[in-house]
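K.L.:
prediction below, plus the sequence it came from.
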Amino acid sequence: MEAYARSLLDDTGPWARFAAETVSDWLEVLARAQPPGRRDTGRAVADRTAVLALLRGALLDLLATGDTARTTAAVTAGLHAMREAASPPRRRLRARDQQRR
């Protein structure tokens, strides 16, 4: 965390560009988990960014609170919501109907 923060405050020091390069590195890792034909679309980039934001936010919360159960549940719920939002409308309707039963 300290290195990340330092790179944001001093763009000439030893930590220069660390934050930006870290984001880029993680986005590349997440891209490899997406289907090759979809990776270069704007939606795919936005999805990767959303997943990275979810994970980083949960990590900050976990570091601040130590509440593993809550942060794990939050990541699970967030990923589930993202998956549902990305699924075809018919599949979302079926999932909603199953939840109502």
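P.N.:
Good, I have the coordinates.
K.L.:
list the buried residues of stretch 5-24.
P.N.:
Buried residues in stretch 5-24, counted by 16 or more other Cβ atoms under 10 Å: Ser7, Trp15, Phe18, Ala19. (C-beta placed from N, C-alpha, C; glycine too.)
K.L.:
now do the end-to-end distance for that stretch.
P.N.:
Terminal residues of stretch 5-24 are spaced 16 Å apart (Cα to Cα, to the nearest Å).
K.L.:
could you chop this structure up by domain?
P.N.:
Domain segmentation of the chain under automatic domain parsing yields 1-33, 40-101.
K.L.:
what about the protein, any weak spots by pLDDT?
P.N.:
90-97, 101 (pLDDT under 70).
K.L.:
what's the longest helix in it?
P.N.:
The residue-count maximum for a helix in the chain (DSSP state H) belongs to helix 42-65.
K.L.:
tell me which residues are up against that one.
P.N.:
Helix 42-65 is contacted by residues 1, 23, 26-27, 30-31, 34, 38, 67-68, 70-71, 74-75, 78-79, 82, 86 when judged by Cβ atoms under 8 Å, 6 or more residues apart in numbering.
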